Structures are given as structure tokens and as C-alpha cells.
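J.: Pasting the sequence and the predicted coordinates here, then a few questions.
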There are 2 protein chains.
Amino acid sequence: MNELIWPALAEPNRRRILDVLRVQPCAVGELARYVGLGQPQTSKHLGVLRAAGLVSVHPDAQRRVYRSRPSALAEIDSWLAPYRELWTTSLDALEMHLDQKPLLPGEEPK
Amino acid sequence: MNELIWPALAEPNRRRILDVLRVQPCAVGELARYVGLGQPQTSKHLGVLRAAGLVSVHPDAQRRVYRSRPSALAEIDSWLAPYRELWTTSLDALEMHLDQKPLLPGEEPK
DNA sequence: GTCTTGTATTCCTTGACAGGTATATATCCA
DNA sequence: TGGATATATACCTGTCAAGGAATACAAGAC
């Protein structure tokens, strides 16, 4: 279990970076313009994403082309899986509904 | 788009709390023993989870019974969806493989 | 009423992190 | 060689979040 993935994804700019890289591999400068960040900030975010295994780097002369590594997100997905079963079967919606209604006449909800 | 969900999930103890609540609704003290945290810390984490919509509270006398709200995770899931298509079709694995092999003879990988 | 139990809140300290600026490093080009 | 481009790194600073301890608050038991 990679402890770095969740905090890496907690940062909105990093998710936006991933969203760009999901569509196309991209060098740092180009990426920085896309997300509206400075180059050093972008490099730092990419370092975090790389440490988490979420992106990979491919040198091309002075440029560093980053690309997304979607398979790293499978870990998030597997954590999510048991919950997905719950919300797809509307189990929590059902529970919420039950909470709204008294189990017995005379019992007040909430 | 709820900006509070991702940071809420970035904290390992909060994910463990959710994992407990997924199985059974639970009061604060019991929860605190499960996850090995102090009561104030547990309360605070629950407050964060509640603000993110990930849990709901149901007073029972002095106790506050918390339960998971799996549907809140649908947002994470929908962000994940386009990536899932990529890794299930092994697209990144394919790309990784291509990166390992030179496109032309004489070109060195990496 | 007082005591006890269960929970939330406050204050404090500490550490992590993001943005900004400047600088180091590396590669290409002339 | 020297300059230009592309990226990473170091340093600083402000902000935010987590843990710990103490306390406030609420509700039941006596």
C-alpha cells in the first residue's frame, strides 16, 4: 500500500496536472502554462506525483516529458471497491431513508 | 465538486475510521479504541469527515453514532473513471513497454 | 441537585506543505 | 566556447493540519 498516493492526489493542482497528462504526455513548461503555475512549482508537483508512482518521466534533450501512469490509481480504486458496492446498491440511501422515518409510531426521527 | 473530500481522505487514520464505519455504525469512544486514537482526535477526524459529507451523525443520548456515507465517494469514483478505462485496457502498460524498446535500431531506451 | 459517562471544543506546539524567488544543472545551438 | 532554453533544486515564508492535554458541554444515573 503506497502511502504517498492519497496525499499526492489531495492537492487540486496535482489532479489538474494528472488530468492534462491523461490526455497527452507533456513537458514541464507546457504543463506549467496549462495549469497556470510557475515552472518551479510545476516541477515540484511533478516530483510528488512521480514519488507516488502516478507519473513517469522520459528525457528528451533538455526537456522532461511526463506521462500519466493510470495503473497507479488502481490502488485507490481497490480501496474504493467495497464502498462502491454499497452506494451502487443504494444501501446508504436506504439507510438514510430509514433514519428519516421512525421505526415505531410515536418515535421521533433524528 | 466537493473540495473537502480529497484532503479528508488523504489522512490514513480517517480512512481507517471510514473502513470501520463501512462495516458498522459506531460511536466515538468505540471508534477511538478501534483505531487507537484519543477521543478528542477521533472527534476531530470525524468532524472533518462530516464536513466532507463522508459520514453522518445520529445522536443516541450522550453518544453520537457515526455511519459511513458511501455515496459521497461517488465523486472520487467519477474522477477516477477516465483513468480506469486506461488502466483496464492496459494502455499505460503498453506505453511503458514501448518506452522500453527503441523506436529505431540504434536508439537507446531511457 | 451531584456524579458519571460520552463527546466536542479550545489552546498549544510542531511539522509538513505550497507558493515565490533565485540559482544550479543540463542540453542544445551558433 | 558562449549563450539560450528547459528543468530541478535550495531557501524563505506563511499557512494549515495533526496530536496532546485540559476543559466545556450534554445527557443519563443516583
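T.: Sure thing, it's come through. Since we're looking at a predicted model, the values are computed, not measured. Residues are numbered from 1 along each chain as shown, chains lettered A, B, ... in the order given.
J.: Next, count neighbours for A:Asn13.
T.: 13 (other CB atoms under 10 Å in any protein chain shown). For every residue, glycine as well, the C-beta is placed using N, CA and C.
J.: scratch that, A:Leu54
T.: Burial measure for A:Leu54: 28 neighbouring residues, criterion other CB under 10 Å.
J.: SS state for the nearest residue to A:Gln39 once chain neighbours are set aside?
T.: Spatial nearest neighbour of A:Gln39, excluding adjacent residues (CB to CB, 6 or more residues apart in numbering or on different chains): A:Ala32 at 4.9 Å. For A:Ala32, the assignment made with DSSP: H, G, I helix; E, B strand; the rest coil gives helix.
J.: Please report the distance of A:Ala32 from A:Val20.
T.: Plainly put, A:Ala32 is 10 Å away from A:Val20 if you go by CB to CB, to the nearest Å.
J.: separation between the residue lying closest to A:Ala72 once chain neighbours are set aside and A:Pro70?
T.: The shortest distance from A:Ala72 to any non-neighbouring residue, by CB to CB, 6+ apart, is to A:Gly53 (4.4 Å). A:Gly53 sits 11 Å away from A:Pro70, going by CB to CB.
J.: ok, back up a step: mind checking pLDDT for the residue nearest to A:Gln39?
T.: For A:Ala32, the pLDDT comes out at 97.
J.: one step back: in terms of neighbours, single out the busier of A:Gly53 and A:Pro70.
T.: A:Pro70 (25 against 16).
J.: Tell me the confidence at that one?
T.: Looking at A:Pro70, its pLDDT is 96.
J.: which of A:Ala32 and A:Val20 has more neighbours?
T.: Neighbour count, other CB under 10 Å: between A:Ala32 and A:Val20, A:Ala32 has more, with 20 against 16.
J.: Mind checking what secondary structure the nearest residue to A:Trp79 once chain neighbours are set aside has?
T.: Distances taken as CB to CB, 6+ apart place B:Arg15 nearest to A:Trp79, at 7.2 Å, with adjacent residues excluded. The local conformation at B:Arg15, judged by three-state DSSP, is helix.
J.: A:Glu3 too?
T.: The local conformation at A:Glu3, judged by three-state DSSP, is coil.
J.: What residues does it make contact with?
T.: Residues in contact with A:Glu3 (CB atoms under 8 Å, 6 or more residues apart in numbering or on different chains) are B:Pro12.
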